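*Asks:* Have a look at this prediction, sequence included:
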Amino acid sequence: MPGKVKRTPNGKVRTDALEQLEGSFDTQQLLNAVDHLDRLRELVTTPGFRDDLLRLHGMAHTIINGAARRAPAGGEAIWELAGSLSMELEEIVEDLTETVDLLNRLAELAPDGEEGSI
């Protein structure tokens with residue numbers, strides 16, 4: 001049996017889901033999600049991370065495949081660079097996971113049978 005639906009200025013929503021969100025959802029979290037996306041955009045549009053990943057490839061290619069070193073050693077160990085890049089990506093993944101969870105909570109407002117319901 002379908003749940004009750006309420007008309008809002010932004011479309012029909014499930015009443016029970018709306019009541020739950022009204023008591024627990026902080027809309028500021030959506031602005032935080034924008035900040036998370038800004039951080040991701042900065043990561044993928046600035047040359048630093050990409051360059052470091054390419055440098056890591058060169059280091060791995062040298063020590064794992066025996067390839068000649070193409071660039072002078074930067075003094076950083078391969079594991080230090082890999083760990084640093086991994087940590088940066090893990091933070092982004094955590095932020096994006098929080099954003100997905102947030103969006104899914106709002107998607108639960110979809111009335112039964114409506115497109116976008118999860």
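*Replies:* Everything's here; your move.
*Asks:* ranges for the strands of this structure?
*Replies:* In the chain, the strands defined using DSSP state E lie at 5-8, 11-14.
*Asks:* Could you list every helix and strand in contact with the last one?
*Replies:* In this structure, strand 11-14 packs against strand 5-8, with contacts taken as 3 or more CB pairs under 8 Å, 6 or more residues apart in numbering; DSSP states H and E. Just so you know, the C-beta spots here come from the backbone N, C-alpha and C atoms, and that holds for glycine as well.
*Asks:* List the contacts of the strand it packs on.
*Replies:* The contact list for strand 5-8 (CB atoms under 8 Å, 6 or more residues apart in numbering) reads Lys12, Val13, Arg14, Thr15, Leu18, Pro111.
*Asks:* average pLDDT for it?
*Replies:* Throughout strand 5-8, pLDDT has a mean value of 96.
*Asks:* Now do that strand: distance to the chain's middle.
*Replies:* Relative to its chain's centre, strand 5-8 lies at 31 Å (CA atoms, centre = their mean, to the nearest Å).
*Asks:* Tell me the buried residues in it?
*Replies:* Across strand 5-8, burial judged by 16 or more other CB atoms under 10 Å covers Val5.
*Asks:* how many other residues sit next to Arg14?
*Replies:* 21 (other CB atoms under 10 Å).
*Asks:* should've said Thr97
*Replies:* Count around Thr97 with other CB under 10 Å applied: 11.
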